[in-house]
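Engineer: output the structure for:
(chains A, B and C)
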Amino acid sequence: MTPDTDVIVEQITLVIDGFEVTVPKGTLVIRAAEKLGIQIPRFCDHPLLDPVGACRQCLVDIEINGRAFPKPQASCTIPVEPGMIVKTQLTSPVADKAQKGVMELLLANHPLDCPVCDKGGECPLQNQAMSNGNPEMRLDGVKRTFEKPVAISSSVLLDRERCVLCARCTRFSDQIASDPFITLNERGALQQVGIYEEDPFKSYFSGNTVQICPVGALTGTSYRFRARPFDLVSTTSACEHCASGCDLRTDVRRGKTLRRLAGDDAEVNEEWNCDKGRWAFKYVTATDRLTVPQVRNENGELVTASWPEAIAVAAAGLSRGAAVLVGGRTTHEDAYGYSKFARVALGTNDIDFRSRISSDEEREFLAARVVTNTTTYRDIDKADHVLLVGFEPEEESPIVFLRINKQFKKRALKVTSIGSKESIAVEKLSANFICVQPGQEAAAVAIQELTNKSVILVGERAAESAGLLSAAAQLADKTGAKMAWIPRRAGERGALAAGAIGNLLPGGRPVSDAAARVDIASLWNVDSLPSEIGRSADQIISDVNNGKVKALLVGGVDPLDGPNPAATIAALEKAFVVSLEIANSEVTKYADVILPVAAITEKSGSFLNWEGRARAFETAVDSLNRSDLRILSMIADEMGHSISLGTVANAAKEIATIGNWDGATVTKPNVSATSAHLVSGDQAVLTSWRRLLDLGTLQKGEENLAGTARRTVAVISPKRAAALGAVDGDLLRISNDNGWVMLPALVENIHDDAVWAPRNSAGSQLLANLGVAHNSVVTVVKA
Amino acid sequence: MAYNDDQLAVMEAIIARYPRKRSAIMPLLHYSQSITGYINNEGIEIISELLELENAEVTAVSTFYTQYKNQPVGDYHVGVCTNTLCAVMGGDAIFAGLKEHLGVENDGVTADGKVSLEHIECNAACDYAPVVMANWEFYDNQTVQSAKDLVDSMRSGNPKPPTRGPSKLVTWKEASAVLAGVNDGLANEGVQAGEPTLLGLKLSKEGK
Amino acid sequence: MTKLAPVLSAHWDEKDSFTIQAYKRHGGYTASAKALAMDPDAVIQLVKDSGLRGRGGAGFPTGMKWGFIPQGDNKDHYLVVNADESEPGTCKDTPLLMANPHVLIEGCIIAAHAIRAKHAFIYIRGEVTHVVRRMNQAIEDAYVAGYLGNGVELVLHVGAGAYICGEETALLDSLEGFRGQPRLRPPFPAIAGLYARPTVVNNVESIASVPAIVANGAEWYQSMGTEKSKGTTLYSLSGHVVNPGQFEAPLGITLREILELSGGMRKGHKLKFWTPGGSSTPLFTDEHLDVPLDYEGVAGAGSMLGTKALQIFDETTCVVRAVLRWTEFYKHESCGKCTPCREGTWWLVQILRDLENGKGSEADLAKLLDLCDNIMGRSFCALGDGATSPITSSIKYFRDEYIAHVTNGACPFDPIASTLFEGADA
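Structural biologist: Coordinates of the predicted model:
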């Protein structure tokens, strides 16, 4: 475990089983033993949970300065002391008998269903019963039984008779996730894990309880009875769902991903991940995967084509003057491919990875403050105050939430959130919630009092309020606070670093800087690079519709994510479109050439998480599909402008040589906020965010996971509810000139002028339904 | 919610007794039983709302303690001590006798809803064994017959008074309110002590 | 012959003994006035000097416990009185509170002053409606009279049926609104108790003893009892005796003396086994009639003074039945937190049931003892340890009786013979 502070900790030397070991003060005996390679059996112990000493499996004999404890002690609860002599089961017959005795008691009521238990083969109870148990069980009575399994949510099943009541799951839910929806109920021999019958275990982090359950009591619905652990091939991987950057383990059997587990990275996700990262992976196979290239024929029909034919058609079409739209989900290497392709093959800076609501102010902000930013999770650990701006950590970067929550739980870290609706996470963090009219966040930001130990976390939605990013940058400058930008998608920070944006070349080099252009031109072995700042995604769309841009190269973009889906679709219809995609989508519908690409599990690569930290992963599943950059290289070759990036390894090697720009920095944006909306009567200012679990493309096919999504509601304030005569559950109609949505009301803490709805949930796809998502006046009435 | 404003005011007053409001969970559960007779979902939900807890957290607490019931009990909840000393001295026979007499098993309720029966653990009245409790009032030195007479009196609507307690047996719900801290004005009724309690003092006064 | 010495029980025979008027009639609330005029440390010293030790079972010196509370730490301190009397056989605090609740209130006022606490709580078991009434009425009256509310607040917290809440850290978790499961120690309550603040947890009888100590002085208290066990205490006699009841005597009196002065065993029967301090204290037999009932005396004879709950069983009682029933109690009351207690008590009950029903074997005795060895000292708190006491001690003294169940194929005792109404037309 990484200490959360920089304070140098006193070292303590003790003796365990005759071996001296030196560990930092505060280390528990059980972990000091691990350092020597001595494995003391345990169930309730978990290095990231508070010690509880409940299972009593880790009993050892301890003596301090000649004084022996009269009875064996739980090594998971006792911190080391100087002069301590510990005898584990290896050297103390008393400890050995104590452990075997506890093991027998644990097994007394444990069913012998290992052959059909998902945990069989990777079960700490099974393993430790072998290593530290008696060969025979002396119970000849009747074991305790319970109804099995109980679905405590659509994602998690509970077999109570397998449970050893170590309370890891309940402690995780309470201590780590602050979601105490599962608890120990009843008492004594009837004690059992349970939920309140009306409230399922709807925690975004519920899957961690399955992973840390030391027996087969908690199992994932989707994985239950699907595989034996020894049939699985495991690959270290990185999560593609968000910018938190979780280390993962992907388990594959016969070419099919069967499950994913949180990996262990103390600097990033510790040992946790969110349920989306764990349980949303079937989109790779469950959706309508593309396998062969297709080209639109004279009749306007898409027909299968050979790779050379498709590449040739694509090359010819793109030669007419193309721009590049690359979604925020590409790997760093693929984004680099798009970036280089735009400049070298298309001769343009018209590229943008921001397939979402964005602004020119944001682009300037990213160039000035983000692309070489070095703020990390550790800065949150050490912060005196965390300010959240346009950012809901639990929904938009769940591991960032866990990290803030860890410090909140540990030392009541002060958190301030500026927004219009108080979120569940803000409540859980007891954050100071500064409530403003949607769009008016900048003024509140400007007056925050921070120090140089504070951290400002800015979400991608900050771009949706004019002046907000400018205000955040000014606040950071004024106070010396650290600032980080946390986008929702896993690929955005990498795409930014790769220069997949109109104002930057790779490594944060400003397009506007001649020296920067020379740098990259010489690396790329071209005479020069285009010097005009490229179009933004919004400009590209409007200029296609204006006829100024003829062709589009599109990779991993969902038009429904953009600010104006109708305009985007019109542009796709109008332009010559080359689409690199894994599955049929809104884009392939209008594409002139469709080139199938490898899904994330089928290729290697890396993401840069919000910290800018590389999260590399290997190919988990063999396939014939090619990565985006391989295909881009083929098109570039066909166009006669080689980008020389045949493989991911090549791209990674080239990226590594670039380094960050150390020349003149671009100036930070200085945009003023717009004035507040004047609303009256049924008018309200809309605000929203995307929930972690929603209609996102990468969650397709995951019905069990979808069952734990939060309820789709329209949130209004008590004052507005009174004016409307509405109570919780009444249907509200939110509308504007573009359309409407109808949702059940929830009366909560939200600005009186505002109405909130989820951005992309069932029944509430705001960009598609209303064409707006934030800072726009709508009408709210009782339906 | 069926809890009326007066009841909610009592609940708020209970919460106000404590430096931290979560501490009020147990008296609130007792109070909830005084309204509904047992802990139902409505009770759980209102307590979690008042204390800003998850329903699961309140459930975890309510299911831990034996006195909180998850199903209705009788107007008079009869507990027969069958811990060792009382059991040996007659508690087992009394419990068996009452089961037969009432036609219910442990935790059962008579069809008329008047009497429920439970075998209980030691109730701190061993010098009055065998002990029977009704709505947690003491009925000391019971026999099988006296216990049957007691439950008969309950079913006839005129329960015998406790040995050491008020002059009239209150109902389960009324007793639950007392446990929640509501003053029913009966504290001064009944004896200050039974004979065994006073025996040592008496003997001392006799010079022993 | 040791003489009875009523102090706590001195005025219980007055009909209105539980009222504030009766309490004041005998000098009630003068000790607290005296103590409040003293420096808190002087009060702690006085209680230390008196030699008062915890009456809840462990016998820890009360004044020393108070002295552990950090002073001048600018934190809230709390006093918590353990009135969760639930140990089988124990029945002293309940009659005390029914007869004289004000003595506990006055003790709380003094103790809170000594440890600089502004808040005190009495955690009383929930299964005693009338005692709750009396206690709450007394608190109300003490507020009206101004004894409470001027520097110390006192709240009666009513439990809801969980023996484990008599364990002080489980009690604190319960009082904080959690499941009553014991906490890890350290930190000890004196450092991080209620709401993680310095807290003293004392038994009812300990705190109720304080006003008399303050009123009469440490020397007076010291003059009673034995060398290391000072003062008087309540002995609760129950079971197969002619006259069960409460006997307040100096520490060190013997069971033989108590039986003699109270009238002895019931007619025609003789003592078989007894508990010196509740079911968690190893059983004694007629060999132990002359063991001085003080902390050292009982410990020296292989048991514990505990709560001085003298449960007396005569030769009509089946020890296996008695032990089974106690074990069922521990199984029912195990909080479930730790494996040895939760699973161990569950398993012990199965074996003991078989033995009592004549379905056991001699090998079961070895298994019982080995399981007890795997529970004793392996559990999270003392509940698991206590659960093994009746088993190991009964096998030690009555092994033959266990074997008789095996060879008989049934329990050799007639349960009716041991009832109080044996022979009567029950």
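
Engineer: let me see the ranges of the helices in the stretch 201-350 of chain C.
Structural biologist: Assigned helices in the stretch 201-350 of chain C, in chain order: C:204-216, C:218-222, C:255-262, C:295-300, C:319-333, C:339-356 (criterion: DSSP state H, counting those that start in this stretch).

Engineer: for chain B, that is, sorry about that
Structural biologist: Listed in chain order, the helices of chain B (DSSP state H) span B:5-16, B:25-36, B:41-51, B:55-62, B:84-86, B:92-102, B:144-155, B:172-179, B:195-205.

Engineer: give the closest residue to residue C:79 in space, chain neighbours not counted.
Structural biologist: residue C:120 (4.0 Å; C-beta to C-beta, 6 or more residues apart in numbering or on different chains). Using the backbone N, CA and C atoms, a C-beta is placed for each residue, glycine as well.

Engineer: give the burial count for the one you found, as a bare number.
Structural biologist: 24 (other C-beta atoms under 10 Å in any protein chain shown).

Engineer: same question, residue A:425
Structural biologist: Neighbours of residue A:425 under the rule other C-beta under 10 Å: 24.

Engineer: and for residue A:618?
Structural biologist: Count around residue A:618 with other C-beta under 10 Å applied: 13.

Engineer: hang on, it packs against residue A:603?
Structural biologist: No. Checked against C-beta atoms under 8 Å, the pair residue A:618 and residue A:603 is beyond contact range at 9.1 Å.

Engineer: sorry, back to before: burial-wise, tell me which of the helices of chain B comes out on top.
Structural biologist: Stretch with highest mean neighbour count among the helices of chain B: helix B:84-86 (a mean of 31; mean count of other C-beta atoms under 10 Å in any protein chain shown).

Engineer: contacting residues around the closest residue to residue C:419 other than its chain neighbours?
Structural biologist: If the residues on either side of it in the chain are set aside, residue C:419 comes closest to residue B:90, at 4.1 Å by C-beta to C-beta, 6+ apart. By C-beta atoms under 8 Å, 6 or more residues apart in numbering or on different chains, the residues touching residue B:90 are B:129, B:130, B:142, B:143, B:144, C:419, C:420, C:421, C:426.

Engineer: the nearest residue to residue A:776 once chain neighbours are set aside in helix, strand or coil?
Structural biologist: Distances taken as C-beta to C-beta, 6+ apart place residue A:686 nearest to residue A:776, at 5.2 Å, with adjacent residues excluded. The three-state assignment at residue A:686 reads strand, by DSSP: H, G, I helix; E, B strand; the rest coil.

Engineer: do I have it right that residue A:686 meets residue A:734?
Structural biologist: Yes. Here residue A:686 lies in contact with residue A:734, judged by C-beta under 8 Å, at a distance of 7.1 Å.

Engineer: any shared contact partners between the two?
Structural biologist: A:755, A:757, A:770, A:778.

Engineer: please flag which of the residues you listed sit within helices.
Structural biologist: Within these, no residue falls in helices by DSSP H.

Engineer: low-confidence ranges in chain A?
Structural biologist: A:1-7, A:287 (pLDDT under 70).

Engineer: again, only using 90
Structural biologist: For chain A, applying pLDDT under 90 flags the ranges A:1-9, A:141, A:255, A:284-289, A:556, A:558-564, A:646, A:664-666.

Engineer: so which residue is dead centre in it?
Structural biologist: Per C-alpha atoms, centre = their mean, the C-alpha nearest to the average position across chain A is that of residue A:242, at 3.3 Å.

Engineer: test my guess that it contacts residue A:492.
Structural biologist: No. Look at residue A:242 against residue A:492 with C-beta under 8 Å: they stay out of range, at 9.9 Å.

Engineer: how about the contacts made by residue A:455?
Structural biologist: By C-beta under 8 Å, 6+ apart, the neighbours of residue A:455 are A:375, A:379, A:380, A:383, A:385, A:386, A:387, A:481, A:482, A:483, A:484.

Engineer: just say helix, strand or coil for residue A:434.
Structural biologist: The local conformation at residue A:434, judged by three-state DSSP, is strand.

Engineer: wait, it touches residue A:415, no?
Structural biologist: No. Residue A:434 is not in contact with residue A:415 according to C-beta under 8 Å; the separation is 11.3 Å.

Engineer: these two: who's more crowded?
Structural biologist: With neighbours defined as other C-beta under 10 Å, residue A:434 and residue A:415 compare such that residue A:415 has more, 24 against 17.

Engineer: how about the more buried one, phi and psi?
Structural biologist: Phi and psi for residue A:415, reported as degrees, to the nearest 10, are phi -130, psi 140.

Engineer: run a quick neighbour tally on the residue nearest to it when sequence neighbours are not counted.
Structural biologist: Leaving out its chain neighbours, the residue that sits closest to residue A:415 by C-beta to C-beta, 6+ apart is residue A:431, at 3.9 Å. Per other C-beta under 10 Å, the neighbour tally for residue A:431 reads 22.

Engineer: tell me which parts of chain B are close to chain A?
Structural biologist: B:41, B:44, B:53-60, B:63-65 (C-beta under 8 Å from any C-beta of the partner chain).

Engineer: if you set the cut-off to 7 Å instead, what comes out?
Structural biologist: When proximity is defined as C-beta under 7 Å from any C-beta of the partner chain, chain B approaches chain A at B:41, B:44, B:54, B:55, B:56, B:57, B:59, B:60, B:63, B:64.

Engineer: the stretch 301-426 of chain C too?
Structural biologist: Counting by C-beta under 7 Å from any C-beta, the stretch 301-426 of chain C sits next to chain A at C:331-340, C:342-344, C:346-347, C:350, C:367, C:374, C:377-378, C:380.
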